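Enquirer: Structure, please.
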Amino acid sequence: MRRLIAAAVLLILVAASFFGGYFYINRTCDKAEKLLENCLIAYEQNENPKEGTEKLEKYWSEKENVLSIFANHAHIDEIEAAISSLNTQCDFKDNKMFYEYYSTVKTLLHQMMEDTAFGMHSIL
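Expert: Numbering: from 1, shown residues only. The predicted structure is shown next:
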């Protein structure tokens, strides 16, 4: 009987940590995508997107510690590097590079959300 209780408690803990991590990652990536979209809008309207990219970089830095509990550190660092590169490209008027880093950040955020989607791969 004790083993069943211990197994049930462990199952509940694993399920709670999985669902907690899933929802936390999705909320974080959704907000980061919204901040990223604001940067793109500012860039396309010939405004300075530097403020938006700095806000995105600060937001990601704040969430990075908790994200590292649930997600792969390499993915988090890769997104952080891409955001920093996007921030650097705000100073230049080379459209190709800004859009390239924009799409890189967007793809990496989407990939992180996909990696935590429900499935046998994410559960095991």
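Enquirer: Phi and psi next, for residue 91.
Expert: Phi and psi for residue 91, reported as degrees, to the nearest 10, are phi -80, psi -20.
Enquirer: who's in contact with it?
Expert: For residue 91, the residues meeting the contact criterion (Cβ atoms under 8 Å, 6 or more residues apart in numbering) are residue 50. Glycine gets a C-beta too; all of them are placed from N, C-alpha and C.
Enquirer: can you tell me how far it sits from residue 59?
Expert: Plainly put, residue 91 is 20 Å away from residue 59 if you go by Cβ to Cβ, to the nearest Å.
Enquirer: Okay, and the most centrally placed residue in the chain sits in which element?
Expert: Computing the C-alpha centroid of the chain and ranking residues by Cα atoms, centre = their mean puts residue 29 first, at 4.0 Å. Using DSSP states H and E, the secondary-structure element containing residue 29 is helix 2-44.
Enquirer: Now do that helix: which elements does it pack against?
Expert: helix 50-70, helix 95-115, helix 120-123 (3 or more Cβ pairs under 8 Å, 6 or more residues apart in numbering; DSSP states H and E).
Enquirer: OK, contacts around the residue nearest to residue 108 when sequence neighbours are not counted?
Expert: By the measure of Cβ to Cβ, 6 or more residues apart in numbering, the closest residue to residue 108 outside its immediate chain neighbours is residue 79, 4.7 Å from it. When contacts are counted by Cβ under 8 Å, 6+ apart, residue 79 is found next to 60, 105, 108-109, 112.
Enquirer: Can you verify my assumption that residue 40 contacts residue 56?
Expert: No. Under the criterion of Cβ atoms under 8 Å, residue 40 is not in contact with residue 56, lying 10.9 Å apart.
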